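[1] next come a sequence and a model predicted from it.
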Amino acid sequence: MFTKLMHQAVELIERAIAVLLIVIAALGAIDLVVELYNAISEKGYLTPDSILRVLDSVLVVFIVIELFSIALAYMERRNVIATVMEAGLVAVVRKLVIFETAGDAQYILMKAGALALLIVAVGFTWYLLRRSGICEGEAATDQIA
């Protein structure tokens, strides 16, 4: 009885989180449109800085969508490893795209080195997981279905 009640509570929380992720993604998409409008209306064209701001908004929406995919896979009791790796890769790419070079040169070099190490670590982990067969492209087949 108690175990069944706890399972129902967990399922309710999972659904609530999925709904919240949908709301966040929708708000992020609205923010993306507003950001794009502001970037174009500012000077009549996109500047490199405004392009970076728009790309940052796009990648944040993609990250939230990947988190929603993780929540769905988790609720369906599927293997979420590939989806988590995709979300991690998108988050790392976001940091790479919006990499700021303002500031102390030594700090920038350390930050770039840490980011490069993170990219290599995520990529190598994904490679090892694919090679071991733990995540045989579930995310790619889920996207098609």
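    Noted; the coordinates are in hand.

[2] can you say which helix or strand has residue 90 in it?
    helix 81-97 (DSSP states H and E).

[3] in that helix, what counts as buried?
    81-92, 94 (16 or more other CB atoms under 10 Å). (Glycine included, C-beta is placed from N, CA and C.)

[4] any idea of the pLDDT on the spatially most central residue of the chain?
    In the chain, the centroid-proximal residue (CA atoms, centre = their mean) is residue 63; its distance is 2.1 Å. According to the prediction, residue 63 has pLDDT 88.

[5] how is it assigned, secondary-structure-wise?
    helix (DSSP: H, G, I helix; E, B strand; the rest coil).

[6] quick one, what contacts it?
    Residue 63 makes contact with 87, 90-91, 94, according to CB atoms under 8 Å, 6 or more residues apart in numbering.

[7] how close does it sit to residue 55?
    13 Å (CB to CB, to the nearest Å).

[8] equivalent analysis for residue 70, please.
    Relative to residue 55, and taking CB to CB, residue 70 is found at 23 Å.

[9] of those two, who's got more company?
    residue 70 (20 against 15; other CB atoms under 10 Å).

[10] can you give me the pLDDT of the more buried one?
    For residue 70, pLDDT reads 88.

[11] just residue 137 next, same as before
    So, for residue 137, pLDDT stands at 55.

[12] host element of residue 6?
    helix 2-43.
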